[in-house]
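**Q** Sequence and predicted model, in that order:
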Amino acid sequence: MKNRGEINTDSKKLLDLFKNYSYSIQYIAFAFGSASFLIGLMILIFFRDIQSSGVIIVALGISSLIISLILNVTNIGKGLLTFRGLYGINTFFILIAVIFILVATNSLIYILNSRGSSPDWFRYDITATKEYDLSSHAKSALENLTEDLEVFIFLRADSGLDEFAIKRAGDLLSEFSKESTNYNIVYRHVDPDIEPTLSSNLNVDRYLAGRDLPVLVIRSINSQRTSYAVGKDPKETIDVFNENDVITSILVVNQIKQKTILFLAGHEERDITSIDKISSSFGQARITLERDNYKVTSATTDELARILLSGQVDSYPSALIIADPLDELMSSEVNLIIEYLNTGGNLMLLVEPDNPSNYSKLISPWGIVTGSGVLVDTVSYVAPNVQFLQVKDTNMQIPDHPITHNFDVMYFPGSKFVGLSLKPEEIPTTPEGEPFLKAEPIAYTTLNSWEEASRESVAFDQGIDIPGPLPIVIAIEAISPIDGTPIKNEKDEFIKTKIIISGDTDFASNKFLFSAKNEDLFANSINWLTSDVELISIRPKVKVFRELVLTSDERRFVRWSGWIFLPALSLASAAWTWWRRR
């Protein structure tokens, strides 16, 4: 049995041994702690299944680093009192001060931006295409505002994609709010499940027609004029609304006079009340026009006659739409519609290959002819049906026109051609040299197309079928029929009429309206007819694809290597340099 003296001697030897090796122990603890911390951190980030092990390894690493610090506390204290140590402390506090200034400056900018009071030089779009700056068209719409606006973003916040879409919509609206200097624009997100009363009061479901899509509602504060814009699915794109949606809605609520669009009825035309998405009705097209602040109704030729006989020009419909009539027009009805056009009325005639022939008589005074067969295109079609036409800008099928500006694709499921019976030099002119009419086709078939005369087979017959390219839609602006005489109004200006003829009706039906640019084609055509040029879709901004496509593991590696590994590498290099200089 050892006595007290022997025990004290052994303890002293153990303490001396620990002191002799403390220098090595503290650096071993530092190296082990640093390695354990980094390895544990990597496990936490990249290996979710063994995160508990990662927590233990990180804890061991931190403990080792603390032990190394305790063992080296004397040297650290002495080092801090040297000139180099004081220089390091000074550098450390300068670094802290710089970080504090940066954080404070960014916080100030964020607060100013969120309140809409930041100066212009604080906010500058440095992208090549200026995709985050509002267009001149948007700024012009804001300058013409006459009252304050409130905006509601209706979207269910059911997922992260929904939340991101809401944030992007808020960012877009914040730009409009900041640019509006004369009147206030306030906006907020509304979850229709949480606030069903507001959704019902604003009649949002009517414009969704059963679709679960976001809706932007813009309402003027005083007049309570309201406009709606249906957005895209957040699962397909983060930008569910674009600048054009907001501009159009602002123009609609800022418009004082509401124009009337009349659908002709009484000849088995398309129904404008049904909104069934798989039907051939025009209910969705009606809603599209109502969103542009048009008053949309249907009327027979008798009702149209009473309007014209009233002599009140302000009550005349701004445009008349005839959509796929199945019954013949009587001669008196043809004369009535021609009289309406001669007084400055506007017409959109949507026909099908099997429509009654006398509708051609309605438009023949303006030199317009229509085909009798179905168009076939063997290059640009929706497979497997070569009569289901696909009109693409890349195929040079869409001439530049205000209606179709920047369009990429349109679909016409079964069409006949429309065109002029006169060559341009054969069109009569006024003494001043102004032609009676200007005709511009806005959609063509390709060179590999023809009008198929046979109903039994689909093959080009030389000498029988008419080869392409052939126009599908044509826009005409006229001051008189070909055989007529131009008339001037009280302003000594020629009375003009606009006519749009389409060889297909289905493109604007419920079933195909939302395909590609079909809805824009229909809405822009009415805007052009009624001279609402501000409502015609503006050119979308070009967004350059700058995304780096990575897998989830690659994305996490890039993120955390930038946040942790590179700074850790810098710190390790600094520690190694400091240790060597010691």
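**A** In hand now; what should we look at?
**Q** So which residues of the stretch 301-450 of the chain form strands?
**A** Taking DSSP state E, counting those that start in this stretch as the test, the strands found in the stretch 301-450 of the chain are 319-323, 346-350, 368-370, 374-377, 381-382, 385-392, 409-413, 418-420, 437-444, 449-452.
**Q** nearest to Arg555, of those?
**A** Proximity to Arg555, assessed across the strands of the stretch 301-450 of the chain by C-beta to C-beta, is greatest for strand 409-413 (32.5 Å). Yep, even glycine has a C-beta here, placed from its N, CA and C like the rest.
**Q** which residues touch the closest one?
**A** For strand 409-413, contacts defined as C-beta atoms under 8 Å, 6 or more residues apart in numbering pick out 382, 385, 387-393, 398, 404, 443, 472, 503-504, 506-507, 512, 515-518, 521.
**Q** repeat that for 7 Å
**A** Under the criterion C-beta atoms under 7 Å, 6 or more residues apart in numbering, residues 382, 388-392, 443, 472, 504, 506-507, 512, 515-518, 521 lie in contact with strand 409-413.
**Q** how distant is it from the center of its chain?
**A** 20 Å (C-alpha atoms, centre = their mean, to the nearest Å).
**Q** same question for that strand, mean pLDDT?
**A** Strand 409-413 comes out with an average pLDDT of 94.
**Q** What strands line up against it, and which way round?
**A** When pairs are called by DSSP bridges, strand 409-413 turns out to pair with strand 385-392 (antiparallel).
**Q** for the strand it pairs with, the distance to its chain's centre please.
**A** Centroid displacement of strand 385-392 relative to its chain, using C-alpha atoms, centre = their mean, is 25 Å.
**Q** One more: stretch 385-393?
**A** 24 Å.
**Q** Could you do stretch 371-379 as well?
**A** 33 Å.
**Q** which residues sit against it?
**A** With C-beta under 7 Å, 6+ apart as the test, stretch 371-379 has contacts from 353, 386-387, 389, 414-417, 445-446, 448-453, 458, 470, 503.
**Q** Just the endpoints, please. Distance across it?
**A** 20 Å (C-alpha to C-alpha, to the nearest Å).
**Q** Point out the other helices and strands that the helix or strand where Leu216 lies packs with.
**A** For Leu216, the element it lies in under DSSP states H and E is strand 215-220. The contact analysis (3 or more C-beta pairs under 7 Å, 6 or more residues apart in numbering; DSSP states H and E) places strand 215-220 against strand 149-154, helix 204-208, strand 226-230, helix 243-254.
**Q** Which of those has the lowest mean pLDDT?
**A** helix 204-208 (a mean of 70).
**Q** Could you give me the ChimeraX syntax to select whichever of the contacts of strand 409-413 are buried?
**A** Selection of buried members from the contacts of strand 409-413 for ChimeraX, criterion 16 or more other C-beta atoms under 10 Å:
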select :388,389,390,391,392,443,472,504,506,507,512,516,517,518,521
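**Q** tell me the centre residue of this protein?
**A** Asn242 (3.7 Å; C-alpha atoms, centre = their mean).
**Q** From the rest of the structure, what touches the strand holding Leu216?
**A** 147, 149-154, 202, 204, 207-208, 226-231, 241, 245, 249-250, 253.
**Q** out of the contacts of stretch 371-379, which are buried?
**A** 353, 386-387, 389, 414-417, 445-446, 448-452, 470, 503.
**Q** which non-adjacent residue is nearest Ile250?
**A** Spatial nearest neighbour of Ile250, excluding adjacent residues (C-beta to C-beta, 6 or more residues apart in numbering): Ala141 at 4.9 Å.
**Q** count of neighbours near that neighbour?
**A** Close neighbours of Ala141, defined as other C-beta atoms under 10 Å, add up to 23.
**Q** Surely it is within a helix?
**A** Yes - under DSSP: H, G, I helix; E, B strand; the rest coil, Ala141 sits within a helix.
**Q** For it, give me its contacts.
**A** Taking C-beta under 7 Å, 6+ apart, we find Ala141 in contact with Ile247, Ile250, Leu251.
**Q** Please identify which of the strands of the stretch 301-450 of the chain is closest to Asp553.
**A** Here strand 409-413 is closest among those (C-beta to C-beta), at 36.6 Å.
**Q** can I get the CA coordinates of the closest one in CSV?
**A** Provided in CSV are the C-alpha atoms of strand 409-413 (Å, rounded to 0.1, in the frame of the first residue of the first chain):
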residue,chain,number,x,y,z
VAL,A,409,-48.2,30.0,-82.1
MET,A,410,-51.9,29.9,-82.9
TYR,A,411,-54.2,26.9,-83.6
PHE,A,412,-57.1,26.7,-86.1
PRO,A,413,-58.9,23.3,-85.9
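**Q** So, low pLDDT: which residues of the stretch 401-550 of the chain?
**A** 533-550 (pLDDT under 70).
**Q** now do the stretch 151-300 of the chain
**A** 206-211, 256-257.
**Q** Please enumerate the helices of it.
**A** Using DSSP state H, counting those that start in this stretch, the helices of the stretch 151-300 of the chain run over 160-179, 196-201, 204-208, 243-254, 283-291.
**Q** picking up where we left off before, redo the helices and strands packed on strand 215-220 as JSON lines? Include distance to Ser274 and mean neighbour count.
**A** Listed next are the helices and strands packed on strand 215-220 as JSON lines, based on distance: least, C-beta to C-beta, whole Å; neighbours: other C-beta atoms under 10 Å:
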{"stretch": "strand 149-154", "distance to Ser274": "24", "mean neighbour count": "22"}
{"stretch": "helix 204-208", "distance to Ser274": "14", "mean neighbour count": "17"}
{"stretch": "strand 226-230", "distance to Ser274": "18", "mean neighbour count": "22"}
{"stretch": "helix 243-254", "distance to Ser274": "24", "mean neighbour count": "23"}
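**Q** Dump those into TSV; add distance to Ser332 as well.
**A** Listed next are the helices and strands packed on strand 215-220 as TSV, based on distance: least, C-beta to C-beta, whole Å:
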stretch	distance to Ser332
strand 149-154	48
helix 204-208	37
strand 226-230	39
helix 243-254	37
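**Q** closest to Lys277 out of those?
**A** Closest among the helices and strands packed on strand 215-220, using C-beta to C-beta: helix 204-208, at 10.9 Å.
**Q** mind checking how far Val296 is from Glu268?
**A** Computed as C-beta to C-beta, to the nearest Å, the Val296 to Glu268 distance reads 19 Å.
**Q** do Leu329 as well
**A** 12 Å.
**Q** who wins for proximity to Ser315 among the helices of the stretch 151-300 of the chain?
**A** Using C-beta to C-beta, the nearest of the helices of the stretch 151-300 of the chain to Ser315 is helix 283-291, at 18.2 Å.
**Q** quick one: that closest one to strand 346-350, angle?
**A** Inter-element angle recorded for helix 283-291 and strand 346-350: 160 degrees (by axes from the mean of the first three to the mean of the last three C-alpha atoms, to 10 degrees).
**Q** buried sites along helix 283-291?
**A** Those would be Gly283, Gln284, Ala285, Arg286, Ile287, Thr288, Leu289, Glu290, Arg291, for helix 283-291 by 16+ other C-beta under 10 Å.
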